[in-house]
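Visitor: Next input, structure requested:
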Amino acid sequence: MRHSPEVARYEQIALDIAGRIVRKEYKEGDKLFGRSTLAGKYSVSPETVRRAVALLQTTGIVDPQPGRGIIIRSRQAAEVFLREFESRRVLEDLQERISNLLVERRKLDQILEEELNQLVNFTFKSNSRLQQIEEIEVTEDSALVGKSLESLRFRSITGATVLAIERGGEEIFSPDSEIPIQAGDFLVFIGTPEAKERVRKLFEEHSTKKGNSKSNKS
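Guide: Got it, this is the predicted structure:
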């Protein structure tokens, strides 16, 4: 799992100084404490202070001047710096949440696939009354090609439920009802014997060539 990176100590110091400038605790033209004093104030090494000052300098907030020290240059630049930093934090937090949601979705997809596999396996191994899973092929000349299960009102007309679509050697479990049907697809469905007959009739009505159906695929 991805975690948002912690704010570096030198960034924290730069943010604190910028915040004080925005609040007018430090004013434009004022001189900041020396690096050694700042190091003691924030309980960090002079190198950490140097990096904080360098960050403030590159953003136009301060101007280190030889012989004078660190001079406050722009309150407006400090405001921009704080806004941009907050925007970056919001973006990082959003990216982390999206990443976590994608991980959770993959887990749910895996659980769903496992449950569907168990359903299929259980049905195949059950007695003849429960052996209701069948698949039927969509031929190239079928008028079903390009249509969706929703537009065909597949479930309401036949009473059968499509569990998966076999396409190109892969299985699309619990397919969206708006997915267009393609030539060569095998619709894996479950239903009563009457529902199966209605499915075959639907295919016959939409094709001059009957689809190849297979009962109780193992």
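Visitor: Nearest residue to the middle of the protein?
Guide: Central residue of the chain (Cα atoms, centre = their mean): Leu102, 4.1 Å from the mean position.
Visitor: hang on, it in a strand?
Guide: No - counting by DSSP: H, G, I helix; E, B strand; the rest coil, Leu102 is located in no strand; its state is helix.
Visitor: Lys201 versus that one, what's the distance?
Guide: 42 Å (Cβ to Cβ, to the nearest Å). Bear in mind the C-beta positions are built from the backbone N, C-alpha and C, glycine included.
Visitor: Three-state assignment for the residue lying farthest from the centre of the chain, please.
Guide: Largest separation from the mean C-alpha position in the chain: Gly67, at 53.6 Å (Cα atoms, centre = their mean). Put simply, Gly67 is coil when judged by three-state DSSP.
Visitor: I'd like the mean pLDDT over the strand ranked longest in the chain, please.
Guide: If you go by DSSP state E, the chain has its longest strand at strand 161-167. In this model, strand 161-167 has a mean pLDDT of 93.
Visitor: Extract the C-alpha set from whichever helix or strand comes after it and format it as PDB.
Guide: Once the chain leaves strand 161-167, the next helix or strand it forms, by DSSP states H and E, is strand 170-173. Extracted in PDB, the C-alpha atoms of strand 170-173 (Å, rounded to 0.1, in the frame of the first residue of the first chain):
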ATOM      1  CA  GLU A 170     -10.900 -15.400 -21.800                       C
ATOM      2  CA  GLU A 171     -14.000 -15.200 -19.600                       C
ATOM      3  CA  ILE A 172     -15.800 -12.000 -18.700                       C
ATOM      4  CA  PHE A 173     -17.500 -12.800 -15.400                       C
END
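Visitor: Can you give the strand pairings for strand 170-173, parallel or anti for each?
Guide: In the sheet, strand 170-173 lines up against strand 161-167 (antiparallel) (DSSP bridges).
Visitor: So for the strand it pairs with, could I get the coordinates as PDB, restricted to C-alpha?
Guide: The C-alpha coordinates for strand 161-167 follow below in PDB (Å, rounded to 0.1, in the frame of the first residue of the first chain):
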ATOM      1  CA  THR A 161     -29.100 -15.100 -16.400                       C
ATOM      2  CA  VAL A 162     -25.800 -14.600 -18.200                       C
ATOM      3  CA  LEU A 163     -23.000 -15.600 -15.800                       C
ATOM      4  CA  ALA A 164     -20.100 -14.900 -18.200                       C
ATOM      5  CA  ILE A 165     -19.100 -14.300 -21.800                       C
ATOM      6  CA  GLU A 166     -16.300 -16.400 -23.200                       C
ATOM      7  CA  ARG A 167     -14.400 -14.200 -25.700                       C
END
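Visitor: Buried ones in that strand, by neighbour count?
Guide: Residues of strand 161-167 classed as buried by neighbour count (16 or more other Cβ atoms under 10 Å): Val162, Leu163, Ala164, Ile165, Glu166, Arg167.
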